[in-house]
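Chemist: sequence and predicted structure are below.
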Amino acid sequence: MSRSVLVTGGNRGLGLAIARALAETGDKVAITYRTGEPPKELADLGCLAVKCDITDPEQVEQAYKEIEDANGRVTVLVANAGITRDQLLLRMSEEDFTSVVDTNLTGTFRVVKRAAKGMLRARTGRIVLISSVVGLKGSAGQTNYSAAKAGLIGFGRSVARELASRNITCNIVAPGFIDTDMTRALEEEVRADIVRQIPLARYGGAEDVAAAVRFLASEEAAYITGAVIPVDGGLGMGH
């Protein structure tokens, strides 16, 4: 049976790959986006694109209403939306820190809380949070991002414990360095230095992350909850 799926931040990068992978399985996929225009590919796949800033509770509520009217109650949520404001600690402003935490962590709280209401009524659901390897091992210049992504792990595991009795799972995917527009913009020397730190000696693809999410959202993963799944080529090994 086709499920109602929501992927936040699904208009580009990892979110787009995840939306594509779930739509190709026959699910009714909706994505949220904050700026720009979603790619035509999403419409071709039958995906619903809803403009929503997850830092605004009213926009989150309105987005869910639009999605529910079109696709039914959300039973699979992939919380992917996030931002970066990289800066060394002593140069980082209050706004740099709080904006990243409010989007990446508090924004995830908002969309998960709203989805959980419907999942509890249905007594079924899949929640997948997109964290990061830097939430496990840290990263210089990313205290804000690392804190938010680490927070997702504690948040997700607490959600998993709260909702498990209603057949709702919550798992966390922690990508490493993935070949996206953002990483392609790095200088070649920086890219080479990063690759030297990765045991598999290469960047991952967005499809690698999407495959992990698709599995966790599937019936095959029904007995997995509270797990942190690294998709990082071994970079975070031991964390």
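Modeler: Done, it's in.

Chemist: who are the packing partners of the lengthiest strand in the chain?
Modeler: Secondary structure assigned by DSSP state E gives strand 168-175 as the longest strand of the chain. Using 3 or more CB pairs under 8 Å, 6 or more residues apart in numbering; DSSP states H and E as the contact criterion, the elements in contact with strand 168-175 are helix 107-122, strand 125-130, helix 143-163, helix 206-216, strand 228-231. Glycine gets a C-beta too; all of them are placed from N, C-alpha and C.

Chemist: tell me the SS of A30?
Modeler: A30 falls in the strand class when you classify it by DSSP: H, G, I helix; E, B strand; the rest coil.

Chemist: burial count for it?
Modeler: A30 has 26 neighbouring residues, counting by other CB atoms under 10 Å.

Chemist: I'd guessed it sits against L45; true?
Modeler: No - no contact is recorded between A30 and L45 when judged using CB atoms under 8 Å, the distance being 11.4 Å.

Chemist: lowest-scoring secondary structure element of the protein by mean pLDDT?
Modeler: Ranked by mean pLDDT, DSSP states H and E, the helix or strand of the chain with the weakest confidence is helix 181-184, at a mean of 78.

Chemist: immediately after it, which helix or strand?
Modeler: On the C-terminal side of helix 181-184, the closest following helix or strand by DSSP states H and E is helix 188-197.

Chemist: let me know the average pLDDT across that following helix.
Modeler: Computed over helix 188-197, the mean pLDDT rounds to 90.

Chemist: for stretch 54-64, same thing?
Modeler: Stretch 54-64 shows a mean pLDDT of 98.

Chemist: for it, which positions count as buried?
Modeler: Residues of stretch 54-64 classed as buried by neighbour count (16 or more other CB atoms under 10 Å): 54-55, 59-60, 63-64.

Chemist: what's the neighbour count on F109?
Modeler: Other residues within reach of F109 by the criterion other CB under 10 Å amount to 16.

Chemist: er, K113 actually
Modeler: The burial metric for K113, expressed as a neighbour count using other CB under 10 Å, is 12.

Chemist: what comes into contact with stretch 34-53?
Modeler: By CB atoms under 8 Å, 6 or more residues apart in numbering, the surrounding residues in contact with stretch 34-53 are 8-12, 16, 19-20, 23-24, 28-33, 54, 59-60, 62-63, 66-67, 70-71, 81.

Chemist: and if we set it to 7 Å?
Modeler: 11, 16, 19-20, 23, 29-33, 59-60, 63, 66-67, 70-71 (CB atoms under 7 Å, 6 or more residues apart in numbering).

Chemist: ok, stretch 221-239 next?
Modeler: By CB under 7 Å, 6+ apart, the list of residues contacting stretch 221-239 from outside reads 133, 136-137, 153, 157, 160-161, 164, 169-176, 197-200, 202, 204, 208-209, 212, 215-216.

Chemist: could you export that stretch as CSV, CA atoms only?
Modeler: Included here for stretch 221-239 are C-alpha records, laid out as CSV according to Å, rounded to 0.1, in the frame of the first residue of the first chain:
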residue,chain,number,x,y,z
ALA,A,221,13.5,-2.6,9.5
ALA,A,222,10.5,-3.1,11.7
TYR,A,223,12.6,-4.4,14.6
ILE,A,224,15.2,-1.6,14.5
THR,A,225,14.7,1.5,16.6
GLY,A,226,16.9,3.9,18.3
ALA,A,227,19.8,3.0,16.0
VAL,A,228,22.5,5.3,14.7
ILE,A,229,23.5,4.1,11.2
PRO,A,230,26.7,5.7,9.9
VAL,A,231,27.0,6.2,6.1
ASP,A,232,30.5,7.6,6.2
GLY,A,233,33.0,5.2,4.6
GLY,A,234,34.3,4.3,8.1
LEU,A,235,35.2,7.9,9.1
GLY,A,236,33.4,7.9,12.4
MET,A,237,34.4,4.3,13.3
GLY,A,238,34.4,3.7,17.0
HIS,A,239,32.0,6.5,17.9
